[in-house]
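Colleague: coords below, sequence missing:
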DNA sequence: AATCCACAGGAAAAATAGGAAT
DNA sequence: ATTCCTATTTTTCCTGTGGATT
């Protein structure tokens, strides 16, 4: 059933990009100065989740490296690496300069090393850059002449709103590539590509891919997740073809799997908060804090709970409705994704 | 309309952590 | 083992906001 499982992973980068030729061209044009040894203006990739921003960045940069292997590429996900230290560390890591760096190395030391590695140009791809808490690091990187930036985020306005003035004025220049939601047939084509590479021939029909694409509503990540999950079920059952019921049951899988993963990654105290909210359905902050304190040996202050809560809102696990006095917390509703 | 006050969230201080240097 | 150093997390202190209450 499954021939090549890698193809169905969401971080898989296909050898050919479907339906995004204009975007590829825009990005590679903006990176062109690197081939003649110049730095580039920062490039921005904007668009909702699952429209291929990350995938396209990876693809374009591997192509660039084929033309000029001297260019180094570092890929940083700012969701996990959201401090200045971690971003710099992560960049050094990918150019192999991380030896003898430890917890007590000052940030300036990290910056200095990056500065010293000017012999080869470096393209730093900062994914989910709107999650970055210390945007000052962007200014740092901007000052390095051998570092070129590719910034990936959902929306331009929100990204720039989080910048401080220094950063904002520097980043006004640069190429912007806007990604739109995939249309139904585009998504089907993408899924078809994955199916022919990853599954046995005729494992899924185009009609079935259509169903998946509809359920994914333009989000390729979700679509591929559904396909993967359905294929796994089919393999478990030992059949040669995916059945309609396998697809039906794979649809909720894809969404809950993502959530379960993030819930597992929560800290213990955050988990308690999550559980309390889950049990209550909807709860006002006051009694949320109360119940939390009853459940935990050494409760944290309400201030840090508030920090945890805003983080969990970021993770899209919970939602806060209302402001100030009348605020309530609840789990983010499963069903529909409202357009953000 | 005026006043509470429950809450959010910023800033800065303080506690914690953990590797390095001695 | 002890001290030092810095990133990170938690607490303390605080201000502003807008819904609730009178």
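Modeller: Received, thanks. Bear in mind the structure is a predicted one, so any value in this text is a computation, not a measurement.
Colleague: So which residues of the stretch 101-250 of chain A form strands?
Modeller: For the stretch 101-250 of chain A, the strands defined by DSSP state E, counting those that start in this stretch occupy A:122-127, A:147-153, A:175-178.
Colleague: how about the nearest residue to residue A:62, chain neighbours excluded?
Modeller: Nearest in space to residue A:62, with sequence neighbours left out and distances taken as CB to CB, 6 or more residues apart in numbering, is residue A:13 at 7.1 Å. Every C-beta, even on glycine, is put in place using the N, C-alpha and C of the backbone.
Colleague: On the pLDDT front, check the one you found for me.
Modeller: We have a pLDDT of 94 for residue A:13.
Colleague: what do you get for residue A:335?
Modeller: Reported pLDDT for residue A:335: 51.
Colleague: Ok, residue A:225 next?
Modeller: Residue A:225 carries a pLDDT value of 95.
Colleague: Let me know the distance separating it from DNA strand C.
Modeller: According to CB to the nearest atom of the strand, to the nearest Å, residue A:225 and DNA strand C sit 29 Å apart.
Colleague: residues near that residue, how many?
Modeller: Residue A:225: 24 surrounding residues under other CB atoms under 10 Å.
Colleague: Pull the contacting residues for the closest residue to it other than its chain neighbours.
Modeller: Ranked by CB to CB, 6+ apart and with sequence neighbours excluded, the top spatial neighbour of residue A:225 is residue A:254, at 3.6 Å. When the contact criterion is CB atoms under 8 Å, 6 or more residues apart in numbering, the partners of residue A:254 are A:216, A:222, A:225, A:226, A:229.
Colleague: any idea which helix or strand carries residue A:254?
Modeller: Element membership of residue A:254, judged by DSSP states H and E, is helix A:244-264.
Colleague: Residue numbers of the stretch 151-300 of chain A in contact with DNA strand C?
Modeller: Proximity of the stretch 151-300 of chain A to DNA strand C, by CB under 7 Å from any atom of the strand, involves residues A:267, A:269, A:300.
Colleague: Any of the residues you listed buried? List them.
Modeller: A:269, A:300 (16 or more other CB atoms under 10 Å).
Colleague: Pick out the lowest-pLDDT one from the residues of the stretch 151-300 of chain A next to DNA strand C.
Modeller: The member of these with the lowest pLDDT is residue A:267, at 93.
Colleague: Tell me which residues touch residue A:39, please.
Modeller: Contacts of residue A:39 by CB under 8 Å, 6+ apart are A:33, A:121, A:145, A:146, A:147, A:148.
Colleague: Pick the one among the residues of the stretch 151-300 of chain A next to DNA strand C closest to DNA strand B.
Modeller: Using CB to the nearest atom of the strand, residue A:300 comes nearest to DNA strand B of those, at 11.2 Å.
Colleague: Check the secondary structure at the closest one for me.
Modeller: coil (DSSP: H, G, I helix; E, B strand; the rest coil).
Colleague: shouldn't residue A:62 be in contact with residue A:17?
Modeller: No - using CB atoms under 8 Å, residue A:62 is not in contact with residue A:17, being 11.3 Å away.
Colleague: The two - which one has more neighbours?
Modeller: Shown here are residue A:62 and residue A:17; by other CB under 10 Å, residue A:17 has more neighbours (18 against 12).
Colleague: mind checking how far the more buried one is from residue A:44?
Modeller: Residue A:17 sits 18 Å away from residue A:44, going by CB to CB, to the nearest Å.
Colleague: for residue A:84, same thing?
Modeller: Residue A:84 is 20 Å from residue A:44, where distance means CB to CB.
Colleague: ok, those two, which is more surrounded?
Modeller: Per other CB under 10 Å, whichever of residue A:84 and residue A:44 has more neighbours is residue A:44, with 23 against 20.
Colleague: what sits against the more buried one?
Modeller: A:150, A:151, A:152, A:153, A:156, A:159, A:174, A:175, A:176, A:177.
Colleague: quick one: which of those is nearest to DNA strand B?
Modeller: Nearest to DNA strand B among these is residue A:159, at 15.9 Å by CB to the nearest atom of the strand.
Colleague: The closest one: what's its closest spatial neighbour, skipping adjacent residues?
Modeller: Using CB to CB, 6+ apart and skipping residues adjacent in sequence, the residue nearest residue A:159 is residue A:153, 4.3 Å away.
Colleague: Quick one: name the residues of the stretch 51-200 of chain A near DNA strand B.
Modeller: A:100, A:102, A:103, A:104.
Colleague: Quick check: bridge partners of residue A:127?
Modeller: Per DSSP bridges, the residues bridged to residue A:127 are residue A:77.
Colleague: correct me, but it touches residue A:152?
Modeller: Yes - the criterion here is CB under 8 Å, and residue A:127 meets it with residue A:152 at 4.6 Å.
Colleague: Between these two, point out the one with more neighbours.
Modeller: Comparing residue A:127 with residue A:152 by other CB under 10 Å, the one with more neighbours is residue A:152, at 25 against 21.
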